[in-house]
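Engineer: Build me a model:
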Amino acid sequence: MGVSLSKAAQWTTFSPDASKLKSTPTNEALLKEILTFVEQIGSQHPQEADFTFEAPLQWRTTVVTSDLKSDYHIRDSTAWSHETDSREAPPLLTPFTVRVRSLGQLSMLIQAAEDKKLEEVQACLEGNRDFLVKILGPRIASQLLEDGAYADVESLKEDVKDEASEIKARLVALRLFCCPSLKSESLMLVEMDFLQFCSEGDDRLLKSVRYTSDFEFWNGCRAPPWRQAQGEICYVVIESVDTGSLNVTCCTAGVFLNGVGGPGALFISNSRKEFILNSAAGVTLWLLLFHTYIMYIHSVTCRLRDCCSFRKTSSKATLAELSSETSSESEEEEERPEHQPESDFYLSSEFLQIKKLVKYLKKGDQKVTLLMLCCMLDLDLTQDSCNLAIRDEGGLQFLLNLLDTNEDKCKIGALKILIRMSRCVPIQRSMEDMLGVRSLVNNLDSEVTKVKALAAETIANVANFPRARRTVRQSGGIEKLIKLLDCFLKSQKKSDHLENMEAARCGALALWSCSRSTKNKKAICSAGGIPLLGCLLTSSLESMLIPVVGTLQECASEESSRITIQSKDIIKNLVKNLRSNCTDLQIQCSMALFKCAEDTETRDLVRKYKGLKPLVELLNNTNNKELLAAATGAIWKCSISIENVLIFQNDKVLESLAGLLTAQPEEVLINVAGALTEFLQVPANKAVIRKCDGIKPMIQLLLSTNQALLVNVTKAISACATDRENMKIIDELDGISLLWSLLQNPNPEVQASAAWAICPCIGNSKDAMRTVLSFQGFGRIPDLLMSTNNEVLASICAVIAKLAKYKNILATLTDLGIVSLLTKLTNTVRKLRHHLSDAICHCCQFANNTAAFGEAGAVEPLVRYMKSEDILVRQSATMALFQLSWDPNNNLTMLSRGAVKVSCV
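Structural biologist: Below is the predicted model of the structure:
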């Protein structure tokens, strides 16, 4: 059965694990036949069943010791068989692993598997691809694998001398290794399909290829039963174009030309088949087949080349279309390199089957078309190779053409196939290139509800890249998908309810895919999709709720959608579904709240509907990182309101968040750090974070390279540093130096947040002078004062105000030209005025800086600051003018600009 099984069984070829059996009807039939043989071996052939293998068969099993009966010696999770053999056998069953040394043991173990017998047989075959060697030994196995050696069982019996070898011969006689269904029938079918392929078309090389008998036995053979016993499978008549007919016998030993043999025969062999032909006709047929093979490979290459040129042409056409629209979604993602099937696939039975199906699909009438569509549904459309083969043979284009017909049955069949094919990324792009997305959108207007549902589900699969989503919107697909939701909500008849519900579910799936583009989000909102989605939230069907909430959370990034969500009482249903047992639904609801809670009204509604408690409970799902990220994000945004923080404190959320600062993905850490920043606005929580050892992991996160994480962590550390006890820990962990190093980060947000965090660290450090002197590279400050980011400028001005209290540092900053740089900023935006005035005030306390500021023109803008409505700006400007007034020339400038009048007011 070794070679025969490797030919008849269908093994995976494109997956990372190539030692697995495919899930096909052929393999299932093989497994059932092997199972029947193993189950009957003990009762029908007891001596052969007790024969000890040369080496044990070993595989991973689902059978446990509790499944075994009294025929075993069991200790803990290990079991031994009571049967003895000629060798000292190891344990039969250990946790997750089984070893058997005879067919009898194998039969008993399979019986113990009960309803998982087929799975055990499959695991045995997959774990022992070389079982022929393990059972019979390498000598006999190698001879069985050679050129027909030992094909005759009697010759095998004559070759053996001892009892063990005789039993091995009887095992072969039992057809364990030559079982009819495990011979070469499937291989012969592939070869026949290939020869028939050579006899098609105007430039065919063979006139005809046919069987001598149309009757096919249950095992796939066409030879009479008494000839099957000799290993024969079928008889074929091959008529070439330029020679006569050739009568061929196909058997387990190879392919033979009838009536030819002896010393004049030509023997041709390769890894898959053998031919014994005479010197003239044999060479002619072999060269004919070789030439046909070359022509076949050439045709495949031409198809691939044509396909590539088609894609290039269509991409040029779409560039003109894209240029007519400017949108945030116009950045087309990089074209992924398309995975082409391996060359072996074009010689496989699957490809030949696909070729024949597509051929009949194109040429048949309506009945044949429906039949071929049903046959295509039996293909393994989860494999990219099959999908690409269907496309390259023209099957995809034909399926899309069926969508433009008036035959609803053909449409339904084509859509069922397209749904499965559209999960393949290259097929998605090909469907868009072939204008298939427009056809799908047009079918959303069909009068048949099932057609609309299937079309919407296909759109959900295809709309995974911007160009397809754009086509859906431009073809009016958004409005049509929303109409599917409305039809379900307005449906009155119970008979139509289920169909309309399925159509609405598929419509929600399609909207979910389309809502990843900004313009589509706005289109959904303007078309009235948000209220309809909110109505569907009352459904109890999880498969409906997940895409509905998914669409809502995608649209919630738009302010107009958030306003609608608040006004339509959708938050209440989102909070309700947080208590669902469906993890995916909890994730989508948490994500929706995360985006909606940007607004104060939403945070109040979450608290009103008691949604904070369910969010806290989700923190216990530490194994589900996606759910944990969504929950922590929602908690972060909700904690912006101090009222929510007080409720969270009662549930010890701060302690839970502190425990999530280590061994978590960055998505979780970003949200945790953001939430801690809000929690630490409450003074009492600063002691709590210290007691639960949350400061050290935050300092360690400063070494991260994730920009968003660095921003949130520095903000959290800034809040911690306002407490002197916390500042001691930060100082011990060298946190200030790490913050200072972040000023070198190219991201302006990181620069600003790090600078803001440095300010309280300097102010609350026990040995502030030592801390400041430990800073390296003050030359970075002038560079940051030339930034175009206002937040960076404001934060650096605040840092300068802190550093300027130390004369040595102020002297260094003065030498770096800090006076002129600060003066240039006095005529910029209002956001800088408070901290800029404060920085100028403290810089005036060194040498001639007071006069230098006056000469640079800093006095007049500061006088204008006195008119500001912001009391903090007026206060800092007054202090700065006070310091500048020590220079007489500055006093004259103040008087001339009306500083005295302003101060009196």
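Engineer: Quickly note the distance from R470 to N443.
Structural biologist: Counting by CB to CB, to the nearest Å, the separation of R470 from N443 is 19 Å. In this view, the C-beta of every residue, glycine as well, is placed from N, C-alpha and C.
Engineer: List the contacts of the closest residue to L872 other than its chain neighbours.
Structural biologist: Leaving aside its chain neighbours, L872 sits nearest to H834 (4.8 Å; criterion: CB to CB, 6 or more residues apart in numbering). Residues in contact with H834 (CB atoms under 8 Å, 6 or more residues apart in numbering) are 794, 870, 872-873, 876.
Engineer: Where neighbours are concerned, which of these has the most?
Structural biologist: Of all these, S876 has the most neighbours under the rule other CB atoms under 10 Å, reaching 24 neighbours.
Engineer: Can you tell me the element it falls in?
Structural biologist: Following DSSP states H and E, the helix or strand that holds S876 is helix 871-884.
Engineer: ok, then the element right after that helix?
Structural biologist: Counting by DSSP H and E, the next helix or strand C-terminal to helix 871-884 is helix 888-896.
Engineer: now that next one and helix 871-884, what's the angle there?
Structural biologist: 140 degrees (axes from the mean of the first three to the mean of the last three CA atoms, to 10 degrees).
Engineer: Output helix 888-896 as CSV, restricted to C-alpha atoms.
Structural biologist: What follows is helix 888-896, C-alpha atoms only, in CSV (Å, rounded to 0.1, in the frame of the first residue of the first chain):
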residue,chain,number,x,y,z
PRO,A,888,16.0,102.1,31.9
ASN,A,889,15.6,101.8,28.1
ASN,A,890,13.0,99.1,28.7
ASN,A,891,11.1,101.5,31.0
LEU,A,892,11.0,104.1,28.3
THR,A,893,9.6,101.6,25.9
MET,A,894,6.9,100.5,28.4
LEU,A,895,5.8,104.1,29.0
SER,A,896,5.6,104.8,25.3
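Engineer: Would you pull up how far that helix lies from the middle of the chain?
Structural biologist: Centre-to-centre, helix 888-896 and its host chain are 69 Å apart (CA atoms, centre = their mean, to the nearest Å).
Engineer: Can you spell out which helices and strands pack onto that helix?
Structural biologist: Counting contacts by 3 or more CB pairs under 8 Å, 6 or more residues apart in numbering; DSSP states H and E, helix 888-896 is packed against helix 849-856, helix 859-865, helix 871-884.
Engineer: Report the buried residues of the helix holding S876.
Structural biologist: 873-874, 876-881, 883-884 (16 or more other CB atoms under 10 Å).
Engineer: can you check stretch 694-703 too?
Structural biologist: By neighbour count on 16+ other CB under 10 Å, the buried set for stretch 694-703 is 694-695, 697-699, 701-702.
Engineer: In TSV, list the helices and strands packed on helix 888-896 along with mean pLDDT and distance to I736.
Structural biologist: Listed next are the helices and strands packed on helix 888-896 as TSV, based on pLDDT from 0 to 100; distance: least, CB to CB, whole Å:
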stretch	mean pLDDT	distance to I736
helix 849-856	85	26
helix 859-865	82	31
helix 871-884	85	25
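Engineer: Kindly present the ones you listed as JSON lines, with separate columns for distance to E114.
Structural biologist: Shown next, in JSON lines, are the helices and strands packed on helix 888-896 (distance: least, CB to CB, whole Å):
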{"stretch": "helix 849-856", "distance to E114": "90"}
{"stretch": "helix 859-865", "distance to E114": "86"}
{"stretch": "helix 871-884", "distance to E114": "79"}
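Engineer: closest one to R562 among those helices?
Structural biologist: Closest to R562 of the helices and strands packed on helix 888-896 is helix 871-884 (CB to CB; 31.6 Å).
Engineer: what's next to the closest one, contact-wise?
Structural biologist: Residues outside helix 871-884 that contact it (CB under 8 Å, 6+ apart) are 830, 833-835, 837-838, 840-841, 844-845, 850, 853-854, 858-859, 862-863, 865-866, 868, 890, 894, 899, 903.
Engineer: at 7 Å what do you get?
Structural biologist: 833-834, 837-838, 840-841, 844-845, 850, 853-854, 859, 862, 865-866, 868, 890, 894, 899 (CB atoms under 7 Å, 6 or more residues apart in numbering).
Engineer: Kindly give a single PyMOL line that selects the buried subset of those.
Structural biologist: Listed next is the PyMOL selection for buried residues among those, using 16+ other CB under 10 Å:
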select buried, resi 833+834+837+838+840+841+844+850+853+854+859+862+865+866+868+890+894+899
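Engineer: My reading is that V209 lies in a helix. Confirm?
Structural biologist: No. The assignment for V209, made by DSSP: H, G, I helix; E, B strand; the rest coil, is strand rather than a helix.
Engineer: so it sits right up against I238, yeah?
Structural biologist: Yes. Here V209 reaches I238: they are 5.4 Å apart, a contact under CB atoms under 7 Å.
Engineer: so where's the stretch 351-500 of the chain shaky on pLDDT?
Structural biologist: Counting by pLDDT under 70, the stretch 351-500 of the chain shows low-confidence ranges at 491-496.
Engineer: what about 80?
Structural biologist: Residues of the stretch 351-500 of the chain meeting the criterion pLDDT under 80: 351-352, 362-368, 488-497.
Engineer: quick one, strands of it?
Structural biologist: Counting by DSSP state E, counting those that start in this stretch, no segments of the stretch 351-500 of the chain form strands.
Engineer: Could you do the chain as well?
Structural biologist: 52-60, 72-75, 78-81, 93-94, 97-102, 206-211, 232-240, 245-251, 254-257, 265-269, 274-278 (DSSP state E).
Engineer: N464 and A523: what is the separation?
Structural biologist: Computed with CB to CB, the distance linking N464 and A523 is 18 Å.
Engineer: These two: which is more packed in?
Structural biologist: Neighbours were counted for N464 and for A523 using other CB under 10 Å; A523 has more, 21 against 16.
Engineer: For that one, give me its contacts.
Structural biologist: A523 makes contacts with 473, 478, as judged by CB under 7 Å, 6+ apart.
Engineer: Look at it and report its pLDDT.
Structural biologist: On pLDDT, A523 comes in at 92.
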